[in-house]
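J.: the following block contains a protein sequence and its predicted model.
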Amino acid sequence: MVVATTIGLYATATPPHQINGCDFDLSSRSSSASPSTPHKPIIGGLSSLFSGASVKSSTSIGVEEYSRHDRSEDLKDLSLSSSFCYSPAKFVGSSYLRRDHQSPISVLHGPLSCSCSPPMRISSRDRNLGASGLFNGFVRKALGSCVDYELESDSIELTFSMEDGFGADTRQPYARDLLRRAQLRHKIFKDESVIKAFYEAEKAHRGQMRASGDPYLQHCVETAMLLANIGANSTVVVAGLLHDTMDDSFMSYDYIHRNFGAGVADLVEGVSKLSQLSKLARENNTACKTVEADRLHTMFLAMADARAVLIKLADRLHNMMTLYALSPVKQQRFAKETLEIFAPLANRLGISTWKVQLENLCFKHLYPQQHNEMSTMLEDSFDEAMITSAIEKLEQALKKEGISYHVLCGRHKSLYSIYCKMLKKKLTVDEIHDIHGLRLIVNNEGDCYKALGVVHRLWSEVPGKLKDYITHPKFNGYQSLHAVVMDNGAVPLEVQIRTQEMHLQAEFGFAAHWRYKEGDCKYSSFVLQMVEWARWVVTWHCETMSKDRSSIRSSDSIKPPCKFPSHSGDCPASYTPNSSQDGPVYVIVIENDKMSVQEFPASSTVSDLLSRAGPGSSRWSMYGIPAKEELRPRLNQRPVSDLKWKLKMGDVVELTPPIPDESLPEYREEIQRMYDRGLAFSRPGTMVGWGS
Ligand SMILES: Nc1nc2c(ncn2[C@@H]2O[C@H](COP(=O)(O)OP(=O)(O)OP(=O)(O)O)[C@@H](O)[C@H]2O)c(=O)[nH]1
Ligand SMILES: Nc1ncnc2c1ncn2[C@@H]1O[C@H](COP(=O)(O)OP(=O)(O)OP(=O)(O)O)[C@@H](O)[C@H]1O
């Protein structure tokens, strides 16, 4: 019997789990996505909820209107000093307490400032529209980009030789320092491929700085460090170091492929695509449109390797930690996007520490007044020592009673989660009983009840708070015993007791925690399987999470779900593309300078998309001619010659904006010029429909 116990901050906060793609019948879900994450309706209104606290009225939080010419290079400008000015430290994330895991706090607070700042040069993202630059043509124009399109092509000369550097004596002293410090923080930075990637990243970003004056390389290291700290393997860490090289330097896919292999090159390219979509969404304020935001994070998962999403999340987390270097306007925009798109993504992937940190940082930027009030009020309430000692107490008592268990862990609830719960349930902070919580996973149902007896003998019960979801499972199948007890007669402590099977049910499938948290959304089986697959991929590639998983079932019994979306025929979770209910395709449509994320049934074509925008839309009525023929749509930067071309998840379709008739010839010429440029910039062999 495995007896896992306490102590030490638990790095991933992902409860132990195993992914079994075939455990749940997912076939009957409907396809409409109508999300209502708990945080969405929450603005202000907290004052009345605080018992005995006089709180000022809510701060107005507007995501500002911004100029279309305000290029969102934003995060590139960030200061990278990792001082992480976010207080108090306790609120960095909800913490799990368990033995054998490294504290994420130490990582995030690690001092990392570079004395030597290389000279500035303009970020090549502003100029580089080469290989994977998605939006070079009309999209950038439509978005008011100030890009000089004439500058770039794949044949542009590199500002440094790709051959120099690694192993040569051209290494910058600041880089050597940075690497040494990274190696002290995590041993994966001693791995040969990681060192090589570090120096390649150094060359690629040499001279690039963030607003703080810190070298850009520092951001690459911090992103890779976040990945290393959730146990990502060296492929993912290498890709983390190189994650911005395709966008921001002249390093090409082929170069990365040659030096690091297809696995790394594909990941870096995947991150680059996600960054470009995210940027487009940010510039169009998509995060404010609930349904579209939901489609977007679903799309992110569907179009990229889940590990690329992981890297993008790490990148965003570090950028959020250093958001203070940006203007308040940009801070708001990024925080909004992060809260609506990236935090739910982290949750779906089961990386709860990142989700918590992202949410808390967004909370601080979007609702500073409420954040301050909550921080002040709860500063003394978060008691990690109390959780540790409660775990020890319970461990001993269980031992005495001869009750063995698989996992005993604890966490304190995050600031933002408390805030959401207060607003959602109209509770005062005193009425939140699960700020401190323990979770016990035992062998069988009988042991659940025996353990409950132990809990009640150890601590006094809060009347009316016992919930027996084992005898009376929730409608979604969730099973567990929940008890609230008073520790030292003063602090409420929630204890959840369940078996391994119940825990799997609570993590995956119908009762999965991410779905519980996202509210009453109806998900298609396509989305559910995709999330499950993505969680599996991430878990499999992250040592820490894998360890976690092995504590819930022996590793021999862990089988990957069938590769998404091609489940084997006998898999109950099998995705059936022929079913009209399944497989919605989310496509980004850019029309009249505006972006929308639209949902189409599986197998829809460009022609279907045009029909949706068809007669009645401004484009048609203005010209009085079929737009299909007169102004051809572009799909992922390329003109579409066959309107029967099938749309794929993540496709970007540009539709020509309305223009006055008299400008039509001029406009056609412009289209032709962009068309020509688009072809010149596209990497040979790039498929139309990169979202596959
Ligand atoms: N995964 C999963 N967890 C759930 C689900 N329902 C409840 N939980 C967990 O159980 C905890 C408390 O649930 P309940 O005892 O029903 O409490 P409540 O009535 O919602 O509210 P409080 O008692 O105020 O916490 C939640 O905080 C979750 O951690 C579910 O459907 N899925
Ligand atoms: N008593 C507990 N012990 C250990 N982990 C818990 C406990 N309760 C929830 N968790 C886990 O903590 C993480 C953060 O959950 P969070 O506190 O935001 O929401 P919740 O308590 O599960 O739900 P709600 O806010 O609706 O009460 C999740 O992974 C969740 O499974």
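T.: Perfect, I can see it now. Ligands and ions are numbered 1, 2, ... in the order given.
J.: by residue count, tell me the biggest helix in the protein.
T.: As assigned by DSSP state H, the longest helix anywhere in the chain is helix 262-283.
J.: just the C-alphas of that one, formatted as CSV.
T.: Output in CSV follows, covering the C-alpha atoms of helix 262-283 (Å, rounded to 0.1, in the frame of the first residue of the first chain):
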residue,chain,number,x,y,z
ALA,A,262,11.2,18.1,-35.7
GLY,A,263,9.7,17.7,-32.2
VAL,A,264,11.1,21.0,-31.0
ALA,A,265,10.6,22.8,-34.3
ASP,A,266,7.0,21.8,-34.4
LEU,A,267,6.4,23.0,-30.8
VAL,A,268,8.1,26.3,-31.4
GLU,A,269,6.0,26.8,-34.5
GLY,A,270,2.9,25.8,-32.6
VAL,A,271,3.6,28.4,-29.9
SER,A,272,4.2,31.0,-32.7
LYS,A,273,0.7,30.3,-34.1
LEU,A,274,-0.9,30.6,-30.8
SER,A,275,0.9,33.9,-30.1
GLN,A,276,-0.3,35.3,-33.4
LEU,A,277,-3.9,34.2,-32.8
SER,A,278,-3.8,35.5,-29.3
LYS,A,279,-2.5,38.9,-30.5
LEU,A,280,-5.2,39.1,-33.1
ALA,A,281,-7.8,38.3,-30.5
ARG,A,282,-6.3,40.8,-28.1
GLU,A,283,-6.4,43.6,-30.7
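J.: buried residues, that helix. List them.
T.: 264-283 (16 or more other Cβ atoms under 10 Å). Quick note: C-beta positions are derived from backbone N, CA and C, even for glycine.
J.: ok but residue 258 is inside a helix, no?
T.: Yes - per DSSP: H, G, I helix; E, B strand; the rest coil, residue 258 lies within a helix segment.
J.: what packs against the longest helix of the chain?
T.: Applying 3 or more Cβ pairs under 8 Å, 6 or more residues apart in numbering; DSSP states H and E, we find helix 262-283 packed against helix 234-241, helix 245-248, helix 253-260, helix 290-303, helix 306-321, helix 328-337, strand 585-591, strand 594-600.
J.: wait, which of those is closest to ligand 1?
T.: Closest to ligand 1 of the helices and strands packed on helix 262-283 is helix 290-303 (Cβ to the nearest ligand atom; 19.1 Å).
J.: from the contact counts, what lies against that closest one?
T.: Looks like helix 290-303 contacts helix 262-283, helix 306-321, helix 343-348, helix 525-541, strand 585-591, strand 594-600 (3+ Cβ pairs under 8 Å, 6+ apart).
J.: near ligand 2, which residues of this protein are found?
T.: Neighbours of ligand 2 within the chain, by Cβ under 6 Å from any ligand atom: 15, 94, 352, 409-411, 413-414, 417, 421, 434, 437-439, 494, 496, 513.
J.: the strands in the stretch 451-600 of the chain, which residues?
T.: 460-461, 467-468, 481-487, 491-499, 585-591, 594-600 (DSSP state E, counting those that start in this stretch).
J.: avg pLDDT for the fifth one?
T.: Across strand 585-591, the average pLDDT comes to 79.
J.: mind checking which of the helices and strands packed on helix 262-283 is nearest residue 358?
T.: Residue 358 sits nearest to helix 306-321 of all those, at 6.0 Å, using Cβ to Cβ.
J.: so where's the stretch 451-600 of the chain shaky on pLDDT?
T.: 489, 508-512, 514-515, 519-530, 532-583, 592-594 (pLDDT under 70).
J.: need the residues of it near ligand 1, please.
T.: Residues of the stretch 451-600 of the chain lying near ligand 1 (Cβ under 6 Å from any ligand atom): 467, 474, 476, 478, 482, 506, 511, 513, 516.
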